[in-house]
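Novice: What follows is a predicted structure for the sequence shown.
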Amino acid sequence: RLGVDRDQPVAVLQERSLELPVSLLAVMKAGGAYVPLDPEYPRERLQDMVEDCGSHVLLAHEPTLAAAGGLGVEVVRVDQLLDKPAVGAEFEALNYVPSPEDLDYIIYTSGSTGRPKGVMSTHAGLRNRLLWMQDTFPLDETDAVLQKTPYTFDVSVWEFFWPLMVGARLVMALPGGHRDPRYLARTIAEEGITTIHFVPSMLQTLLREDELGGCCGLRRVVCSGEALPKDLAERFFERLDVELHNLYGPTEAAIDVTWWQCRPDDEGHVVPIGMPIANTTARVLD
């Protein structure tokens, strides 16, 4: 009713919560492209991003209302909407079916000039990436994925949608929980997490945790975002009998474009970034 249609950007300003994945799915279901905004960003940066993408609607909830005010867009409180019963003529099914080239999200990167740039992702790119991941590391109803990456980074996209796509369990970390290795180790154990992502620097910190021994349900760890040091991979296998995968890719190319499965007996002094994923070509240029 607010006029969101095909390819139209919708700003989302929320902490990690139940409302967050509901909001992202709702934007896509309406045909729009969600634009994640970090509540910790300075107001000037939030204002620049909202104006640059052209969003006229912003989805917020109670913890972010103060940051959402004054940005010049209509603010919708998702937590209040979720309290309403979904009955009656007020709620109608949406018939939007995306085409491959329709936008699904716009993520702002730091930009080489210092000014954030909005990277526009299409359904075709995301679909290819998710289907490759499911073919390569099949999830089922026994799996649980921990969503802990800030949603302003593209890794969060597969954390949200991959488990929901195949009927696995999506577990939302507490706001700020991605910075606390002790909390993460405890959550992995208590929630039966089977699949999780780490940037190598955070994985290094996690491996120092004594509580890591309780993470017996963990099946695979995915690393990306930074180079994975060889000695860190070796230390990983000393502490955990779990799959370790090294992925590489820029935000502009739908999250990841190459993949390497690390093994305890890998030779060489570096961890490779591997080979291209499905329907992707990698070229090395001088």
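Specialist: Perfect, I can see it now.

Novice: Need phi/psi at Met275.
Specialist: Geometry field for Met275 lists phi and psi as phi -110, psi 160, criterion degrees, to the nearest 10.

Novice: so where's the stretch 101-250 of the chain uncertain?
Specialist: Per-residue confidence of the stretch 101-250 of the chain (counting by pLDDT under 70) places the weak regions at 111-112.

Novice: can you rerun that using 90?
Specialist: Scanning the stretch 101-250 of the chain for pLDDT under 90 picks out the ranges 109-116, 210-216.

Novice: what are the bridge partners for Val10, then?
Specialist: Tyr34 (DSSP bridges).

Novice: ok, it touching Val4?
Specialist: Yes - look at Val10 against Val4 with Cβ atoms under 8 Å: they come within range, at 5.7 Å. Where C-beta positions appear, they are placed from N, C-alpha and C, glycine not excepted.

Novice: These two: who's more crowded?
Specialist: Here Val10 and Val4 are set side by side on neighbour count (other Cβ atoms under 10 Å), and the busier one is Val10, at 27 against 20.

Novice: one step back: give me the common contacts of Val10 and Val4.
Specialist: Contact criterion Cβ atoms under 8 Å, 6 or more residues apart in numbering; residues shared by Val10 and Val4: 27, 30, 32, 57.

Novice: Closest to Tyr151 out of these?
Specialist: Nearest to Tyr151, judged by Cβ to Cβ, of these is Val27 at 12.1 Å.

Novice: for the helix or strand harbouring that closest one, what is the average pLDDT?
Specialist: Assigned by DSSP states H and E, Val27 falls within helix 19-30. Computed over helix 19-30, the mean pLDDT rounds to 94.

Novice: Would you reformat the shared contacts of Val10 and Val4 as JSON lines and include neighbour count and distance to Leu81?
Specialist: Putting these into JSON lines (neighbours: other Cβ atoms under 10 Å; distance: Cβ to Cβ, whole Å) gives the following:
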{"residue": "Val27", "neighbour count": "23", "distance to Leu81": "13"}
{"residue": "Ala30", "neighbour count": "19", "distance to Leu81": "13"}
{"residue": "Gly32", "neighbour count": "26", "distance to Leu81": "16"}
{"residue": "Val57", "neighbour count": "19", "distance to Leu81": "13"}
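
Novice: would JSON lines of those residues with distance to Pro100 be doable?
Specialist: Conversion of those to JSON lines gives the following (distance: Cβ to Cβ, whole Å):
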{"residue": "Val27", "distance to Pro100": "18"}
{"residue": "Ala30", "distance to Pro100": "18"}
{"residue": "Gly32", "distance to Pro100": "16"}
{"residue": "Val57", "distance to Pro100": "24"}
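
Novice: can you give me the strands in the stretch 101-250 of the chain?
Specialist: 103-109, 117-122, 144-147, 169-172, 195-198, 220-223, 243-248 (DSSP state E, counting those that start in this stretch).

Novice: Deepest-packed of those, please.
Specialist: For the strands of the stretch 101-250 of the chain, ranked by mean neighbour count under the definition mean count of other Cβ atoms under 10 Å, the leader is strand 195-198 at a mean of 25.

Novice: to the chain's geometric centre, what's the distance from that strand?
Specialist: Centroid displacement of strand 195-198 relative to its chain, using Cα atoms, centre = their mean, to the nearest Å, is 11 Å.

Novice: Using CSV, list the CA coordinates for that strand.
Specialist: This file holds the C-alpha atoms of strand 195-198, laid out as CSV (Å, rounded to 0.1, in the frame of the first residue of the first chain):
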residue,chain,number,x,y,z
THR,A,195,26.9,-24.4,10.0
ILE,A,196,28.6,-21.1,10.8
HIS,A,197,30.6,-18.4,9.2
PHE,A,198,33.7,-16.7,10.5
